[in-house]
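# I'd like to go over a predicted model; first the sequence, then the structure.
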Amino acid sequence: MSTLDKFKNHKTAYLLKITGYVPEYKNISEVDIVSVDRKYVTVANVVKFAEPEHEENYLKEQTNCGWSRYLFAERQDALDYIEKRRTIAWLVKSESLLNDISLESLRRVKNIIENDLKAEKKDDMNTENQDLWDMYRRGDIVFPSVVQRYFRVTRQAAIEMCEKQVHDGKCVAVYFIKCPKCQKLSRRYYSREDIPDHCTCENGCEECEDIPVSDDMIVKYYEWQ
């Protein structure tokens, strides 16, 4: 399950205001979820959050300046994030304390960290599994969200994996127009330049007739060759 999927069927989420490198517990607030779509979770005041570049258990506010706020599906996730960041900050500032710890204690700490890293690396080995690609047949649509869930990677990593299949000649990029009302897809376009400036929903959606096509309506998937 992707981080974005965690917000589905939730009416509220937990917003963490970031004002520095060490977050504060007092900066957690509950907010109402307005909508959850393929790419964004929108909360009150039309603030959008998307998955960050690297896989995390929060969504990141889409902003061009200042500190981005983080959005968590569960309050406990926000509390755990703050505790982790504050613990890291405590360790960084505790150089004198570390000098007073015995070598044996340091070895135990090192062993715990190394074992945790090995366990995480073992989980990541699933990303090398090629079984998913073997399931596709010519003409099948490859959805980055499916690749993301199967390999348990970030959305960006999933897109890069799909692009590699394009580079290897196993896929081609294909574009669709998603109706903003019924959310159904149009016919396939094999070049973005072929997408018209205006469109009418091909699935009988009466509200979407000869409407302008915006970037948010265009989705890119992949067709197996």
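Thanks, I have the structure now. Numbers count the residues shown, from 1 in each chain.

# in the chain, what spans have low per-residue confidence?
In the predicted model, the chain carries pLDDT under 70 at residues 1, 95-97, 119-130.

# who touches the most centrally placed residue in it in this structure?
The centroid of the chain falls nearest to E51 when counting by Cα atoms, centre = their mean (3.1 Å). By Cβ atoms under 8 Å, 6 or more residues apart in numbering, E51 lies in contact with S2, T3, L4, L59, K60, T154, R155, Q156. From N, CA and C alone the C-beta is placed, and that goes for glycine too.

# and if we set it to 6 Å?
E51 makes contact with T3, L4, R155, according to Cβ atoms under 6 Å, 6 or more residues apart in numbering.

# Format those residues as TSV; extra columns: distance to P180, secondary structure and neighbour count.
TSV is the format used below for these (distance: Cβ to Cβ, whole Å; DSSP: H, G, I helix; E, B strand; the rest coil; neighbours: other Cβ atoms under 10 Å):
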residue	distance to P180	secondary structure	neighbour count
T3	24	coil	24
L4	19	helix	21
R155	21	helix	21
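
# remind me, longest helix of this structure?
With DSSP state H applied, the helix covering the greatest number of residues in the chain is identified as helix 103-124.

# what packs against it?
Secondary-structure packing of helix 103-124 (3 or more Cβ pairs under 6 Å, 6 or more residues apart in numbering; DSSP states H and E): no helix or strand packs against it.

# Alpha carbons of that helix, as CSV, please.
As requested, the backbone C-alpha atoms of helix 103-124 are provided in CSV (Å, rounded to 0.1, in the frame of the first residue of the first chain):
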residue,chain,number,x,y,z
LEU,A,103,33.3,0.6,24.0
GLU,A,104,31.0,-2.4,24.8
SER,A,105,27.9,-0.2,24.9
LEU,A,106,28.9,1.4,21.6
ARG,A,107,29.3,-2.0,20.0
ARG,A,108,25.8,-3.0,21.1
VAL,A,109,24.4,0.2,19.6
LYS,A,110,26.3,-0.5,16.4
ASN,A,111,25.1,-4.1,16.3
ILE,A,112,21.5,-3.0,16.7
ILE,A,113,21.7,-0.5,13.9
GLU,A,114,23.5,-2.9,11.5
ASN,A,115,20.9,-5.6,12.1
ASP,A,116,18.1,-3.2,11.4
LEU,A,117,19.7,-2.1,8.2
LYS,A,118,20.3,-5.7,7.1
ALA,A,119,16.6,-6.5,7.7
GLU,A,120,15.5,-3.4,5.6
LYS,A,121,17.9,-4.4,2.8
LYS,A,122,16.4,-7.9,2.8
ASP,A,123,13.0,-6.4,2.3
ASP,A,124,14.3,-4.2,-0.5
